[in-house]
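In: Fold the following, please.
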Amino acid sequence: MRILVVEDERRLANIIKKGLTEEGFAVDAAYDGEEGQYLAESEEYDLILLDIMLPKVDGVTICRELRTKNIRSPVLMLTAKSEVEDKVAGLDSGADDYMTKPFSFLELRSRIHALIRRSKQEPSPTLKISDLELDPIKHKVQRSGKPISLTPKEFSVMELLLRHKDEVVTRTMIIEHVWDYNFDGMSNIVDVFVASLRRKVDKGSKVKLIHTIHGVGYKISVESD
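Out: Numbers count the residues shown, from 1 in each chain. Sure, this is the predicted structure:
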């Protein structure tokens with residue numbers, strides 16, 4: 001999943017980015033409101049972490065503009081202010097939730113997973129198809145009850161496929177959601193990762209779940225094409 005962090009306190013932004021990257025997210029960071037608004041409007045994100053007090057353009061204004069332009073990515077507001085009025089202003093602008101600084105990274109991670117799950121209308125955190133299960137919060141994958149060890153990027157690709165099960169996921173979609181803004185998408189990196197997933201997930205199983213849609217991308221499904 002791909003996240004945008006808009007936070008002018010660079011140390012905090014980099015700590016959040018590092019922690020989320022270690023969790024397997026692709027993370028872009030912006031350090032002022034103008035850059036953050038540009039990225040939020042030009043790229044597709046599964047969630048936006050948005051500080052309220054930002055130079056150039058404040059977070060409330062950014063969120064209101066995003067909603068006006070029908071950009072529906074979940075927005076989690078970050079604020080050093082504890083006044084009820086500030087929180088209400090953030091929520092009224094279209095934010096989905098807020099956290100008051102300082103906060104623990106564990107709580108931030110839980111809020112992020114909950115918002116992404118809610119936005120995709122998934123009542124359970126566990127993603128399933130056939131005998132394959134993936135738990136985004138515990139960062140575990142198993143098939144027929146047997147654990148599968150995946151790298152962070154493999155896990156992210158698998159999570160994206162499962163969130164779009166029975167749908168074709170293009171290589172461009174995978175690159176945009178699993179790698180960050182600076183990634184050079186001209187390589188065959190997606191094919192390499194999917195080939196590795198096939199070896200780990202489908203090898204030895206009668207039902208093959210990962211399918212290539214030639215010339216388009218990939219699909220995870222119990223039905224072959």
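
In: Could you pull up the residues touching His164?
Out: With contact set as CB atoms under 8 Å, 6 or more residues apart in numbering, His164 has these partners: Ile220. Bear in mind the C-beta positions are built from the backbone N, C-alpha and C, glycine included.

In: Quick check: it vs Val88, distance?
Out: 35 Å (CB to CB, to the nearest Å).

In: Now do the end-to-end distance for stretch 126-135.
Out: Counting by CA to CA, to the nearest Å, you get 5 Å between the two ends of stretch 126-135.

In: and the least confident helix or strand in the chain by mean pLDDT, what other elements does it pack with?
Out: Taking mean pLDDT, DSSP states H and E as the measure, the chain has helix 84-92 as its least confident helix or strand, at a mean of 76. If you count contacts as 3 or more CB pairs under 8 Å, 6 or more residues apart in numbering; DSSP states H and E, helix 84-92 packs onto helix 59-68, strand 75-79, strand 97-100.

In: what angle separates that helix from strand 75-79?
Out: Calculated by axes from the mean of the first three to the mean of the last three CA atoms, to 10 degrees, helix 84-92 forms an angle of 160 degrees with strand 75-79.

In: and the direction of helix 84-92 versus that of helix 59-68, what angle?
Out: Using the same axes, to 10 degrees: helix 84-92 against helix 59-68 is 20 degrees.

In: Need the contact partners of helix 84-92.
Out: For helix 84-92, the surrounding residues in contact (CB under 8 Å, 6+ apart) are 52, 59-60, 63, 77, 79, 81, 98, 100.

In: Mind giving me the packing neighbours of the host helix or strand of Lys153?
Out: Per DSSP states H and E: Lys153 is located in helix 152-163. In this structure, helix 152-163 makes packing contacts with strand 127-129, strand 132-135, helix 171-178, helix 189-201, strand 217-220, judged by 3+ CB pairs under 8 Å, 6+ apart.

In: Make CSV from those and add distance to Pro147, mean neighbour count and mean pLDDT to it.
Out: Shown next, in CSV, are the helices and strands packed on helix 152-163 (distance: least, CB to CB, whole Å; neighbours: other CB atoms under 10 Å; pLDDT from 0 to 100):
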stretch, distance to Pro147, mean neighbour count, mean pLDDT
strand 127-129, 15, 17, 92
strand 132-135, 10, 20, 94
helix 171-178, 22, 19, 82
helix 189-201, 11, 16, 90
strand 217-220, 19, 22, 93
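
In: so which of these gets nearest Ser93?
Out: Proximity to Ser93 (CB to CB) singles out helix 171-178 among the helices and strands packed on helix 152-163, at 25.3 Å.

In: now the longest helix out of those in the chain: how far from the chain's centre is it?
Out: Using DSSP state H, we find that the single longest helix of the chain is helix 105-119. Helix 105-119 sits 10 Å away from the centroid of its parent chain (CA atoms, centre = their mean, to the nearest Å).
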